[in-house]
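1. Fold the following for me, if possible:
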Amino acid sequence: MYEAIAFFDLDGTLLNGKSQVSAEVGEAITQLKKNKVLPIIATGRNEQEIQQIKQDAHITSTITMNGMIVKVDGTIIEASEIAPEQCESMLHFARNLQDELAFHSTEQLFISGVNEFVKKSYEFFHLELPPIHPQAYQEFPTNMILVLSEGNDTIYQEAYPEFTFYRNGPFCIDVVNKGISKGTGVQTVKDYLKLPDIPTFGFGDGINDVALLMACDNKIAMSNALPEVKEQSDYVTAKNTNGGIIKALKHYDLI
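-> Reported below is the predicted structural model:
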């Protein structure tokens with residue numbers, strides 16, 4: 001049985017500067033599992049985007065799309081959706097602002113169109129452009145929307161109070177149902193495993209990691225983290241590109 005759970009953000013946290021899992025981090029996760037600690041990825045990305053990462057990190061449990069989908073050992077234990085009519089409304093709203101959207105589901109990922117912000121967003125995360133399918137929300141469940149835009153955050157927030165918006169890069173905003181976060185994913189995992197008192201460790205750097213850290217007993221921020229994340233942390237480790245994950249795992253005697 002597990003003796004602890006460790007939740008890892010990806011970009012700027014578990015991944016290196018090339019958005020990859022280093023061999024050293026992969027080895028550390030393997031040791032973590034030997035020490036009866038369950039490692040879980042907690043990310044804004046969807047399942048399709050992290051298959052190689054999961055393999056390299058030796059991790060099978062995930063909180064994806066900022067808590068909209070939660071899996072333990074590959075089994076979906078929580079799935080939240082955005083209604084098609086809400087997707088359609090936001091698509092028209094975005095187009096009026098000359099923005100495009102991405103529609104994420106558990107396995108599929110489509111974009112509504114391509115402009116400079118779309119290209120820059122996927123280049124920033126070292127990802128290939130998804131297929132263009134503006135009406136994907138009519139064919140597949142939508143678990144998260146991405147607004148591909150350099151700005152307009154406040155405009156979207158005021159127009160759609162039923163959603164939570166996370167600025168997750170210079171050219172994209174994650175959109176999820178209000179009340180859903182990486183933090184709610186932490187509680188979902190604990191409830192599913194029936195381990196209410198198991199110690200939890202959260203690792204993050206971005207604004208969508210604030211809820212993650214707040215939900216965990218031990219809150220670890222990378223030194224490259226935003227000030228808001230560091231304010232919530234118990235411990236600030238080194239940068240993700242300078243052995244920060246391994247340093248923190250050793251600090252807490254997890255490896």
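2. When you work out contacts or count neighbours from here on, use the C-alpha atoms and nothing else.
-> OK.
3. Strands of the stretch 1-150 of the chain, start to end?
-> Here the stretch 1-150 of the chain has its strands, by DSSP state E, counting those that start in this stretch, at 4-8, 37-42, 61-64, 69-72, 75-79, 100-104, 109-111, 144-148.
4. I'd like those as a markdown table, with mean neighbour count appended.
-> Putting those into a markdown table (neighbours: other CA atoms under 10 Å) gives the following:
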| stretch | mean neighbour count |
| --- | --- |
| strand 4-8 | 23 |
| strand 37-42 | 24 |
| strand 61-64 | 27 |
| strand 69-72 | 23 |
| strand 75-79 | 14 |
| strand 100-104 | 26 |
| strand 109-111 | 22 |
| strand 144-148 | 28 |
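5. wait, which of those strands is closest to E128?
-> Comparison of these against E128 by CA to CA identifies strand 109-111 as nearest, at 11.1 Å.
6. Which other helices and strands does the closest one contact?
-> strand 100-104 (3 or more CA pairs under 8 Å, 6 or more residues apart in numbering; DSSP states H and E).
7. the inter-axis angle of the strand it packs on versus strand 144-148?
-> Taking axes from the mean of the first three to the mean of the last three CA atoms, to 10 degrees, one finds that strand 100-104 is oriented at 160 degrees with respect to strand 144-148.
8. Indicate which one of the strands of the stretch 1-150 of the chain is closest to P196.
-> strand 4-8 (10.9 Å).
9. any residues touching that closest one, and which ones?
-> Here strand 4-8 makes contact (CA atoms under 8 Å, 6 or more residues apart in numbering) with 14, 36-43, 186, 198-204.
10. what about 7 Å?
-> For strand 4-8, contacts defined as CA atoms under 7 Å, 6 or more residues apart in numbering pick out 14, 36-42, 198-204.
11. Kindly report the same for stretch 69-76.
-> In contact with stretch 69-76 (CA under 7 Å, 6+ apart) are residues T60, S61, T62, I63, T64, I77, E78, A79, S80, G185.
12. ok now do the second one, which residues does it touch?
-> The reference is to S61. S61 sits in contact with I40, I41, K71, V72, D73, G74, where contact means CA under 7 Å, 6+ apart.
13. Would you agree the first one is in contact with T62?
-> Yes. I40 is in contact with T62 according to CA atoms under 7 Å; the separation is 5.2 Å.
14. give the contact list for the closest residue to L148 other than its chain neighbours.
-> The shortest distance from L148 to any non-neighbouring residue, by CA to CA, 6 or more residues apart in numbering, is to C172 (4.4 Å). By CA under 7 Å, 6+ apart, the contact list for C172 reads S121, L146, V147, L148, S149, E150.
15. repeat for G204
-> Residues near G204 by CA under 7 Å, 6+ apart: F8, D9, T13, I220, A221, M222.
16. and the gap between the spatially most central residue of the chain and Q157?
-> When CA atoms, centre = their mean is applied to the chain, the residue found nearest the centroid is T43 (1.5 Å). Distance of T43 to Q157, computed by CA to CA, to the nearest Å: 21 Å.
17. Please name the bridge partners of H104.
-> L109, M144 (DSSP bridges).
18. What is the burial count for the closest residue to F125 other than its chain neighbours?
-> Nearest residue to F125 in three dimensions, chain neighbours excluded: S19, at 6.8 Å (CA to CA, 6+ apart). Neighbours of S19 under the rule other CA atoms under 10 Å: 17.
19. Which pLDDT does the model give S19?
-> pLDDT for S19: 92.
20. That one contacts L10, doesn't it?
-> No. Applying CA under 7 Å, one finds S19 not in contact with L10, separated by 8.0 Å.
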